[in-house]
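Visitor: could you work out the structure for the sequence below:
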Amino acid sequence: LVQRFKEASVSQDMPTVNIHVVDAAQLPSDPVRPKTFLYLAIAAIFGLGIGLGVAFFLEYLDNPLKTHEDVKRWLAATLLGVISFPKRVESDTPGSLESVTDAKALQSEAYRSLRTSVLFSLADQEPKTLQETSTGPGQGKTLTAINLAVTMAQNGSRTVIIDCDLRRPMVHKTMGLHRQRGVSNILANPKEE
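Guide: Coordinates of the predicted model:
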């Protein structure tokens, strides 16, 4: 009786387990995390969205003058002509004087068109002085000034070209001339010949 009482008390102290194995566990074929395809798809969508957003924002900030209509609309100025350069041409190379070297070249015709526009810009009289400038170096000021001067001279106009670039004068190099005195020398000593 004592032995049965001890067995009953021991079995009473032990928790009863009502868990039964229904199916045996199986090893999954794919990992649960990370979901590589899903994460790559989300990253691609966000990347394209951010890239397009940045591109549109930069295009919105980009506001240079690109067309003839932009010049008329934003500057309220008359466009005299457009000179296109098919490749980068240094201004001191001998072949850069299109209006002198090849009268049938496209650039030569563009310079003649520019000359005509300049002459017709003041219908009552021929302009006495022209100034050419740009925002920075290497934008074709020297080539345009020389070619315009040549086409004006070919038209019968008395033409003098003065290179007032005190840092990097290029007209004498382009024309193949030796520079004796510059504008600063003449301004400093006007009586000296």
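
Visitor: could you report the pLDDT at the closest residue to residue 162 other than its chain neighbours?
Guide: Leaving aside its sequence neighbours, residue 162 sits nearest to residue 183 (C-beta to C-beta, 6 or more residues apart in numbering; 6.7 Å). Quick note: C-beta positions are derived from backbone N, CA and C, even for glycine. For residue 183, the model assigns a pLDDT of 79.

Visitor: next up, the contacts around residue 183.
Guide: By C-beta atoms under 8 Å, 6 or more residues apart in numbering, residue 183 lies in contact with 162-164, 166.

Visitor: how about a cut-off of 10 Å?
Guide: Counting by C-beta atoms under 10 Å, 6 or more residues apart in numbering, residue 183 makes contact with 162-166, 169.

Visitor: got a winner among those residues for most neighbours?
Guide: The residue in the contacts of residue 183 with the most neighbours, by other C-beta atoms under 10 Å, is residue 163 (20 neighbours).

Visitor: SS state for it?
Guide: Using DSSP: H, G, I helix; E, B strand; the rest coil, the structure places residue 163 in coil.

Visitor: which one among the contacts of residue 183 gets closest to residue 19?
Guide: Set against residue 19, the nearest of these by C-beta to C-beta is residue 165 (94.7 Å).

Visitor: surely that closest one and residue 142 touch.
Guide: Yes: here residue 165 reaches residue 142: they are 8.0 Å apart, a contact under C-beta atoms under 10 Å.

Visitor: which secondary element of this structure has the worst mean pLDDT?
Guide: Ranked by mean pLDDT, DSSP states H and E, the weakest helix or strand in the chain is helix 98-101, scoring a mean of 66.

Visitor: any idea which residue is closest to the centre of this structure?
Guide: residue 62 (8.9 Å; C-alpha atoms, centre = their mean).

Visitor: and that residue, how far from residue 150?
Guide: Distance, residue 62 to residue 150, using C-beta to C-beta, to the nearest Å: 36 Å.
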